[in-house]
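Colleague: Dropping the sequence and predicted coords here.
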Amino acid sequence: MRCYVGVDLGSTTTKAVVLGEDGRILGRGITNSRANYDLAADVARTEAFVTARFGLLRREVQRSAGDARLSALLRAFRLEQTLAQLQRLAAALHAEIDHAVAPALRQGTHDAIDEIIDRSRQEEEQVFLLPDPPLRSDFFRDVAGSTFSRLAEELANRDGASFDLLLGLYDKCIIQVENTPLELGFHDHIGAALARIGDPPEVRAGVQAATAMAFDAAVTCGTGYGRARLPFPKEWIRSEILCHGLGAHAMFPRTRTVLDIGGQDTKAIQVDGEGIVTSFQMNDRCAAGCGRYLGYIADEMNIGLHELGPIAEQSTRKVRINSTCTVFAGAELRERLGVGERREDILAGLHRAVILRAMSLLARSGGIEDEFTFTGGVANNPAAVQALRELVEENYGRRTLNISPASIYTGALGAAIFALRVDRPGAELDTGGGEA
Amino acid sequence: MKDRSMLLQKEMIAEHFRRLEAAPQTGEKVVYTFVPGNLTELIRSFGALPLLPEINALQSGMRGKSKGYIAEAEKAGHSADVCTYVKADIGMMMSGNIGPTGTKLPPPDLLLLSYTGCYTFMKWFELLREKYQCPTVFLQIPYQGDGTLLPEHRDYVVEQLRQDVIPALEKVTGRPYDEARLRELLALSARAEDDLVAVLHSAKQKPSPIDSYFGGVYYIGPIFSAFRGTPEGVEYYQALREEVEERAAAGEGPMTPSGRLDDQQFRLVVEGPPNWTSFNQFWEMFSDEGAVVVASTYTKVGGTYDFGFRHDPADPLGTLADYCGGCYTNHNLPGRIDMLVEYVRQYQADGFLINSVKSCNSFSAGQLLILREVEKRTGIPGGFIESDLVDPRYFSAANIKNRLESYFQMLRERRRAGGQAASPAAPPAAGRAP
Amino acid sequence: MSPTPDDPTAARARRQQIVAWARDLYEDLDFGSVHRWLAQAPGRKACGYLPVYVPREIIHAAGMLPVGVHGGGSMEIIRGDAYYQSYICHLPRSVVELGLTGRLKCLSAMLFPSTCDVIRNLSGMWQVLEPGTYVRYVDLPQVNEPARAVDFWRGELAHLLRDLSACTGRTVTDEDLWRSVAVYDEQRALVQDLYDARREQPWRIPSEELYLLLRAAEVVPVEEWLPVARDYLSVTAQDPGRPRDNARVVVVGAFCEQPPLGLLKTIERAGCYIVDDDLLLGNRLVQGAVPRDGDPLTCLARALLFQHRESSILYEPDPGAKMRSIPRRVEAARADGVIFAAPSFCDPALLDRPMLREGAEASKIPCIAFKYAENTGQFQQFREQAGTFSDSIKLWLGTRAEREQSAPQGGAR
Amino acid sequence: MTWTAGIDVGSGAVKAVVMDCSDAPRVLAHAAARIRRREVAQVVDEVVGRVLEESGVGRLHYIASTGEGEEIPFATGHFYGMTTHARGALHLCPQATTVLDIGALHTRAVAMDPRGKVLDYKMTSQCASGSGQFLENIARYLGVSLAEVGPLSKAARKPEGVSSICAVLAETDVINMVSRGIDTADILRGIHDSMAGRFARLLRSLNATGTTFLSGGLANDVGLQQALEDALAQDARKAAGPLTLATDPLAIHAGAIGAAIWGAFRYHRLGSTGPAWTSTDPPPTHASAP
Ligand SMILES: Nc1ncnc2c1ncn2[C@@H]1O[C@H](COP(=O)(O)OP(=O)(O)O)[C@@H](O)[C@H]1O
Ligand SMILES: Nc1ncnc2c1ncn2[C@@H]1O[C@H](COP(=O)(O)OP(=O)(O)O)[C@@H](O)[C@H]1O
Ligand code: SF4
Ligand code: SF4
Ligand code: SF4
């Protein structure tokens, strides 16, 4: 199948979108950005093809196999991927111990690692069995990391192992794992996943078809913060501004204003009826109030990014926060907690502060026209969305606010459309609009 | 293969600094003063030499010295927040006062503080006075708050020239005021100004034979600094005009760091001063994309000649008052907006870009409003980047490049969608925040 | 309404009442008091002005209510930030925010004095953003020789008076002008009394209260303010208060964008009494009474040119005067040290600082310096610095009071 | 006998000491714990418990807080951070004329006289990547433990400059470097150099001469020490005079030590107030405080 790929190499996450010849979205993939950009782009692309194949599979056998089975297969597939990475991590950890840990401590550390990895694996398998697994980060780094540090702390309390040592080992090895290629594609794990759900014949047929399908990526366009480093010809590289504008237009054709809050920057974009950018503003050099800021806060509170919003939503009384400097975020948080403010109130204040900055950029770029689309990773955060809703209403009156669950892929989608246009100028688009 | 005008300019400047260096021996008097509202003809009519600290500061930036100078000034207690021209100058002074051509600069015999269009000037010379303990004369140029220089304000300036500035110059140089001499110099100025304006106007052609910003800052060098009212100045502008006219006749574009720019993709109007510490790199970001600047406001800080003003020998002090009052930053904001809109129209620009520098409140405070208004009135999209004059810490190449690239890609997309002109009829997302 | 001198409870109640009144005015970003004043009689008009100095006598004589627009404290800023880059001070953002949210609609005129280029450019922005409002840039005289500028400044005053009285439709006579001069002379004298009282017994008049009272003077009619301020002075005189073992400091540089109240409180809590400052400097830029030896406009012009105190907003023709001003102020306030507190990105204040600091150091006056913004919310850094400052004065130098008793020992830098 | 405790509540870590200040002050016990997402009060209680136990003293005459410890309910008195770092530095290094305190978020240079009186100081501004927290983040990202940072950086051959002043953007710079294949050691040294440059400027702007004592959490980072030495050497021409660096294994406790010593000073000044704590009282914690 001829297809088109857009890759958005962001400062914190890397996204890929695959389009079919008709402009329909076939698959999406995401991973965390890392030192090795090419690899990050590869992983995201691989993931996008994995979801594309799952999409084929679903279309093929949904009726016969049923939703529950299919989602079990998907979870099994994810489990297999995770286990493969855990295995790689374990190997790296053991090697590192032999290399860097003082001989006297080695054996104890090996044992501790064995236990941690073992229990992580069991926990993963446990999670797989849950019909309704809890919301977690998409990234192996985060998932494995939080389990690891929890278990390491437990071991430290129980056996007196060195928490700092264990954590240091993890930090070092996770990077190795992230930056060396590992087979995580459909073909690599679908067999094991199928086996894990009992190899039901009605699914097996679909899997075979999906595996056999040949995808031919005719053009790949790149965008995002690290786009200049992508190994594509210059004509295939587009600015984030254009891609977000076009991506938002593709999802919601009546969009006139786009707000994108990513990891390190915020952009306010105005587009015309064709999705062409007419004006834009980006935050200045200061990275205050962007996605990373929320990341630091989550780190500081020792919770996952996706938990931030829901906690903030429980606030009854927002605390006024003036400084959204990322570096001092932790200190401010502690100071507020210190004077007895409640966690949810502080968080609500922080989210409002983030959105306030965005509101200024929007005002700078020409205001908010109908319809208004919020894109980028922070659009996944319900408290940020809520704050935005309030502030838009307060300042501009009623506006239709579009948010897609796939908003983090907006830039990659825009890039993929450019890819399609490179190959087939003037192609009609059918990206499925703002699917729910 | 340098143009004759460039060689001339180089030689003029070198000669000027040679004279400055020798001034303590030759007894020539040195007057420090500022670019906007400079009274070069008057100073020269007393046989004194003008020296402009702003030019030294920008030269320090271009020669990679400003970073150290700024650090020096900050160490001496200057805030990180304030104008870096001041700090670069003070740092240079503290490090031995070696000027742009490597010669030692003489101390001032007089600080002539023409307070035109910038508040910081006042502080700057208060600081220098503290160091040099030399006579200082203050010339207040009222701001065009209402959009014009009111007659009473003009009289006030003439009055000050007569009662304060001229006596101060007389005292320092030991010479009497010679109005006939001043008239002669003013006549020379007017000739050079005519040629400069012809050069600036040449950018109305397509392709433009000049770059009015990156090239422009070289073109204005002599006339904004020490060479108004000099035969060298007249000669330079004649030469420059001839070169530009030749290029125009041949349909050639200007030389840029990316080679000769004949294939001009974008015609831009630029507001705000350039960055000096990475000047060529900055220019390249434009020329690589085929962007040529056809008009800029920065090249009007030392006089808005292209709107008709010429020094007039018939009314020597009055014309100096008019000149001082008319420098770009002495115009109020609505006036600046009008000027930019005018440029966009006259020069048929397809883009409008602001380089906002951290140093300069006189330029920067209000630029975002200018951006909106110009967009609204012309219908062409504006771009906005930020840097600094001479503090390399505020020049982030990656950041600026990212914005410029996005900006040019946007212009290109719009052009592709909208046919020829990059400016669709409807202004972008008009209206201000409610 | 004034309590009798021997009733401490009533005095305390009255004081609380005054402070609460002033605090309400301070916190009211909607300028409710101005609206009320306008509503009291038809045809009334108000004229806003930005820091630092405008001739309020002219506004008053034209029949308008002068209203100081001193920023928005820690209000949320959206539109204001849309117009200002991060390296510009905070004041104009909140002023634009106030304007674009309609809170300054009650002002028929706005004056922008030549405090700095930010305010200067804001005058042009106002012409674009608020086309219905009379806007004037008030170009203060900056000269070597004061005499040279009397005519100029008189001309500016006359121009302003002409425009403002056209706005109210009044004919302003010399008597009107003299009346206005007199009432502001009175205010200047009273402000001076308040500062004197605090200088003598700073524990009786906390900085925060004095500040709030002076802020009230920026929005209510001067005739309304005078009796309240007199009351305040008399009730604080009745309250002995409790002196603390604090150092005495002069706060220099906070003349335009105003520091948050929390900053003033932090300084005092960390052990420093503020015995002189530049806050709301416009109300005492002219020192003493306006002379009465000519026509009123000329007298007003001469008052500014010959009787102003040094400040960063006016050119200082006398070399060395800036350096000398610090020891002089410290001496006059009998202070132990100086805190240079200026708004971030404020060119006038920050460019003066090295000279002022040199003046302090040359006289061995201890000093510290920091920057703030009107919406600063974290005071940790300030507490640390002010605390260390008072620690070192107290642990080592002894406060001025102690030193005046014993022989002076080596000074701090 | 005069026993005192000093508690330094920082933004990154809590430090406490118990000292015997009867004659020449002597540290009896010291402890530090990173706050790391924990309740500050809990960390304070824990650290104070540890030093009390280790010191074995039966009473404390004065409990002095410093840093952000103003609110500790069982403290006798509070001294501000620069006052205590100056005094603590002199205790650890009597010939010091300046102290450079490199903490988790802020760095400050303090000049003092031989009695510990603060003469002048300079702080890094709000917006600063030259902090312990930043280095810690980067180390984590690079997968290097804090203990390894110093030695690695010292071994660098081609340090790579970090341009940004903002920690977030600097982090991106670092990611970029990694992707360009720059050596970890060179990256770390680049960061150390950029921090050192800033610190050298601080010291220079104090016109420091003589001995500078490094205090705070990063004082014992040998890579930073080296970078700072180089920066100062490079700078020697502009500096007021030669400057030598000194530090001590207890450098992170300088603030707590200074507080404890000032506490003893105040205790004697105040005369006969009773002890702040005796072993018959419950251990001093936030919960037990009145
Ligand atoms: N599931 C989620 N819940 C809440 N916030 C999220 C989620 N996923 C991502 N984010 C936020 O989005 C940011 C990354 O956004 P993204 O648009 O990918 O930025 P970039 O393109 O710069 O990498 C993160 O820093 C984080 O704050
Ligand atoms: N043993 C240690 N305990 C705590 N922090 C340490 C230690 N060694 C190094 N550090 C570093 O020192 C920093 C804390 O320094 P510190 O001077 O205590 O700062 P603050 O006073 O701001 O908390 C931490 O961020 C960490 O990077
Ligand atoms: S350190 Fe904070 S304030 Fe400074 S640039 Fe970074 S995010 Fe902005
Ligand atoms: S503020 Fe602007 S105009 Fe004034 S001296 Fe600085 S750069 Fe020049
Ligand atoms: S705070 Fe300073 S820079 Fe800002 S407006 Fe006031 S005087 Fe100007």
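Modeller: That came in fine, so what should we check first? Ligands and ions are numbered 1, 2, ... in the order given.

Colleague: Show me which helix runs longest in the chain.
Modeller: Since no chain was named, I'll use chain A. Ranked by residue count under DSSP state H, the longest helix found in chain A is helix A:67-100.

Colleague: ah, no, chain D please
Modeller: Chain D, longest helix under DSSP H: helix D:184-205.

Colleague: Point out the other elements, helices or strands, that that one touches.
Modeller: helix B:66-75, strand D:96-102, strand D:107-112, strand D:118-123, helix D:132-142, helix D:146-154, helix D:167-179, helix D:222-235 (3 or more Cβ pairs under 8 Å, 6 or more residues apart in numbering or on different chains; DSSP states H and E). C-beta here means a position set from N, CA and C on the backbone, and glycine is covered the same way.

Colleague: Do any residues in the fifth one lie close to ligand 2?
Modeller: Right, the one you point to is helix D:132-142. Yes: on the criterion Cβ under 6 Å from any ligand atom, helix D:132-142 is in touch with ligand 2 at D:Gly132, D:Gln133, D:Glu136.

Colleague: now swap in the fourth one and tell me
Modeller: No: judged by Cβ under 6 Å from any ligand atom, strand D:118-123 and ligand 2 are separated, with a smallest distance of 12.0 Å.

Colleague: domain assignment for chain B?
Modeller: B:4-178, B:252-422 (automatic domain parsing).

Colleague: before we move on, back to that, which one of the helices and strands packed on helix D:184-205 lies closest to A:Asp132?
Modeller: A:Asp132 sits nearest to helix D:132-142 of all the helices and strands packed on helix D:184-205, at 33.2 Å, using Cβ to Cβ.

Colleague: Report the buried residues of the closest one.
Modeller: Buried residues in helix D:132-142, defined by neighbour count with 16 or more other Cβ atoms under 10 Å in any protein chain shown: D:Gly132, D:Gln133, D:Phe134, D:Leu135, D:Glu136, D:Asn137, D:Ile138, D:Ala139, D:Arg140, D:Tyr141, D:Leu142.

Colleague: lowest-confidence helix or strand of chain C?
Modeller: helix C:400-405 (a mean of 60; mean pLDDT, DSSP states H and E).

Colleague: which SS class is B:Ile220?
Modeller: Following DSSP: H, G, I helix; E, B strand; the rest coil, we place B:Ile220 in the helix state.

Colleague: So it sits against B:Thr299, correct?
Modeller: Yes: under the criterion of Cβ atoms under 8 Å, B:Ile220 makes contact with B:Thr299 at 4.9 Å.

Colleague: residue boundaries of the strands in chain B?
Modeller: All strands of chain B, identified by DSSP state E, fall at B:30-32, B:49-51, B:110-115, B:136-140, B:255-256, B:259-260, B:266-271, B:291-296, B:351-357, B:382-387.

Colleague: Give me the domain ranges for chain A.
Modeller: If you go by automatic domain parsing, chain A breaks into A:76-179, A:254-403.

Colleague: which of these sits most buried?
Modeller: Each of those was scored by mean neighbour count; the highest is domain A:254-403, a mean of 21, by mean count of other Cβ atoms under 10 Å in any protein chain shown.

Colleague: close to ligand 2, is that domain?
Modeller: No: contact of domain A:254-403 with ligand 2 (Cβ under 6 Å from any ligand atom) is absent, the minimum separation being 8.8 Å.

Colleague: Any part of that domain near chain B?
Modeller: Yes: using Cβ under 8 Å from any Cβ of the partner chain, domain A:254-403 reaches chain B at A:256-257, A:270, A:272, A:274, A:276-282, A:284-285, A:363-367, A:369, A:395-397.

Colleague: Take the helices and strands packed on helix D:184-205 and lay them out in CSV including distance to A:Phe163 and mean pLDDT.
Modeller: What follows is the helices and strands packed on helix D:184-205, written out as CSV (distance: least, Cβ to Cβ, whole Å; pLDDT from 0 to 100):
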stretch, distance to A:Phe163, mean pLDDT
helix B:66-75, 42, 91
strand D:96-102, 24, 95
strand D:107-112, 27, 92
strand D:118-123, 33, 85
helix D:132-142, 14, 81
helix D:146-154, 13, 90
helix D:167-179, 24, 76
helix D:222-235, 24, 90
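
Colleague: Point out the most buried one among these.
Modeller: Mean neighbours per residue, mean count of other Cβ under 10 Å, is largest over these for strand D:96-102, with a mean of 28.

Colleague: okay, the angle between it and helix D:132-142?
Modeller: 50 degrees (axes from the mean of the first three to the mean of the last three Cα atoms, to 10 degrees).

Colleague: what's the closest residue to B:Gly64 other than its chain neighbours sitting at in phi/psi?
Modeller: Of all residues not flanking B:Gly64 in the chain, B:Thr277 sits nearest, at 7.1 Å (Cβ to Cβ, 6 or more residues apart in numbering or on different chains). Main-chain dihedrals, B:Thr277, degrees, to the nearest 10: phi -70, psi -30.

Colleague: before we move on, what about C:Tyr134?
Modeller: phi -70, psi 130.

Colleague: Give the burial count for it, as a bare number.
Modeller: 18 (other Cβ atoms under 10 Å in any protein chain shown).

Colleague: Surely it and C:Phe112 touch.
Modeller: No: taking contacts as Cβ under 8 Å, C:Tyr134 lies outside contact range of C:Phe112: 11.5 Å.

Colleague: Out of the strands of chain B, which gets nearest to ligand 3?
Modeller: Among the strands of chain B, strand B:382-387 comes nearest to ligand 3, with 12.5 Å by Cβ to the nearest ligand atom.

Colleague: In contact with the residue of the stretch 151-300 of chain C found nearest chain B, which residues?
Modeller: Relative to chain B, the nearest point of the stretch 151-300 of chain C is C:Phe152 (4.7 Å; Cβ to the nearest Cβ). C:Phe152 sits next to B:Gln140, B:Pro142, B:Glu152, B:Tyr156, C:Pro141 when contact means Cβ atoms under 8 Å, 6 or more residues apart in numbering or on different chains.

Colleague: helix, strand or coil for it?
Modeller: Under three-state DSSP, C:Phe152 comes out as helix.

Colleague: quick one: the host helix or strand of A:Glu60 near chain D?
Modeller: Take DSSP states H and E as the rule and A:Glu60 turns out to sit in helix A:37-65. Yes: using Cβ under 8 Å from any Cβ, helix A:37-65 reaches chain D at A:Tyr37.
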